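S.K.: Fold the following.
(one chain, ligands or ions: 2)
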Amino acid sequence: MAVTVRPRADQPAAERVLYQRGAVMSATGPEDQGARQPSTSSPQSYGSSAHISLRGVSKRFGGVVALRGVDVAIAKHEKVAILGPSGCGKSTLLHIVAGLLDADAGSVDVAGAVTAKDRLARCAMMPQRDLLMPWRTALDNACIALENRGVSRHEARERTRPLFGRFGLGKFEHLRPAQLSGGMRQRVSFVRTLMAEKDILLLDEPFGALDSITRAEMQEWLLRAMQDVPRTVVLVTHDVEEALLLADRVIVLSAHPGRVVSVLDARMDESASRREIVTSPGFVKLREQALEALE
Ligand code: ADP
Ligand code: MG
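M.R.: Numbers count the residues shown, from 1 in each chain. Ligands and ions are numbered 1, 2, ... in the order given. Purely as a prediction, here's the structure:
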């Protein structure tokens, strides 16, 4: 039986749209040494082989120009962070990629899909708030995407359970969202997004609501989780460290309107710990470059 995904009454309008259009349920790249090599690269360097390509994308909301002339090209299974100050158009950019919004000008190609409707079918989005259903257990929340595609509850559980084990959620599968910590809820939300079995994963400030200690733990967790699941990932964040830590490449957007001001190569050593990475001289230098680009 297919499950109808219902928005909660207390959800903001944008989140309700995500629910109603199925993007939340529908949905992953490489790294080298702790000493990263700071460099800049062209956002258009992949040409026609790009998995995600935005050319000259602009978007206006009434009198507000959210994005102007944005060019972004992302390779298959690359992990890219969109970094910028609050209100610079990061979510707008992500929503355009996801097919939840159309650009006013420019072209968008997401794995060959150019219309909003077709883009929606290629991507899975993990929103800032977990949007878990309070009446469902953790496992059953993560099963929703499969159930929505007509998979039985029993089979959906069988297929989702191995990821629960792999991502440290095995002991929590029977708990309801209210019984889980903020970090655990975000893990469930991530597994739910993966279970949409899409090749493109869009993460909109996934740890924005967490305290700084949990946030650091979750960043390390996501780093490992993404190594395990090859997908093209676009992560939106206003946190410089998070962007550099989690992405292969960081695209820095300016505020008002959002324009690409810098692209930083941020590959790192897959085996290094978060602490080793963030304290390495290469990382510190990259952080300075990112902060300078944001000024
Ligand atoms: P970010 O995610 O970087 O914080 P957003 O993409 O949410 O930024 O917003 C960029 C700008 O566009 C902001 O000035 C915001 O107020 C405006 N904006 C975003 N969505 C809408 C909307 N649906 N209607 C009107 N203005 C919007
Ligand atoms: Mg946003």
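
S.K.: Flag every residue of the protein that's near ligand 1.
M.R.: F61, V64, A66, G84, S86, G87, C88, G89, K90, S91, T92 (C-beta under 6 Å from any ligand atom). The C-beta positions use only the backbone N, C-alpha and C, and glycine is treated the same way.

S.K.: okay but the third one is in contact with T92, surely?
M.R.: Yes - under the criterion of C-beta atoms under 8 Å, A66 makes contact with T92 at 4.5 Å.

S.K.: Overlap in contacts, these two.
M.R.: Jointly contacting A66 and T92 under the rule C-beta atoms under 8 Å, 6 or more residues apart in numbering are K59, G258.

S.K.: ranges for the helices of the stretch 1-150 of the chain?
M.R.: Using DSSP state H, counting those that start in this stretch, the helices of the stretch 1-150 of the chain run over 13-21, 90-98, 116-122, 138-142, 144-148.

S.K.: got a pLDDT number for the residue nearest to T115 when sequence neighbours are not counted?
M.R.: Excluding its sequence neighbours, the residue lying closest to T115 (C-beta to C-beta, 6 or more residues apart in numbering) is G99, at 7.5 Å. pLDDT for G99: 96.

S.K.: Pretty sure V263 sits in a strand.
M.R.: Yes - according to DSSP: H, G, I helix; E, B strand; the rest coil, the state of V263 is that of a strand.

S.K.: Quick check: it vs ligand 1, distance?
M.R.: Separation of V263 from ligand 1 (C-beta to the nearest ligand atom, to the nearest Å) stands at 17 Å.

S.K.: how close does the residue nearest to T115 get to G87?
M.R.: To G87, G99 is 22 Å away according to C-beta to C-beta, to the nearest Å.

S.K.: Isn't F283 up against L244?
M.R.: Yes - in terms of C-beta under 8 Å, F283 counts as a neighbour of L244; the distance is 6.4 Å.

S.K.: of those two, who's got more company?
M.R.: Using other C-beta atoms under 10 Å, the more surrounded residue of F283 and L244 is L244, with 25 against 22.

S.K.: need the contact list for the residue nearest to S91 when sequence neighbours are not counted.
M.R.: Using C-beta to C-beta, 6+ apart and skipping the chain neighbours, the partner closest in space to S91 is D204 (5.7 Å). Going by C-beta under 8 Å, 6+ apart, D204 touches K90, S91, L94, M125, M126, P127, Q128, V236.

S.K.: swap in D118?
M.R.: Residues near D118 by C-beta under 8 Å, 6+ apart: G99, V110.

S.K.: what about it, distance to ligand 1?
M.R.: Computed as C-beta to the nearest ligand atom, the D118 to ligand 1 distance reads 22 Å.

S.K.: For that residue, report the pLDDT, please.
M.R.: For D118, the model assigns a pLDDT of 95.

S.K.: One more: V5?
M.R.: As predicted, V5 sits at a pLDDT of 35.

S.K.: Over to G47?
M.R.: We note a pLDDT of 53 for G47 in this prediction.

S.K.: same check, this time on P12
M.R.: P12 is assigned 42 on the pLDDT scale.

S.K.: what stretches of the chain score poorly on pLDDT?
M.R.: Scanning the chain for pLDDT under 70 picks out the ranges 1-48.

S.K.: All the strands of it, residue numbers only.
M.R.: Listed in chain order, the strands of the chain (DSSP state E) span 52-61, 64-74, 79-83, 105-110, 123-126, 200-204, 232-237, 249-253, 260-265.
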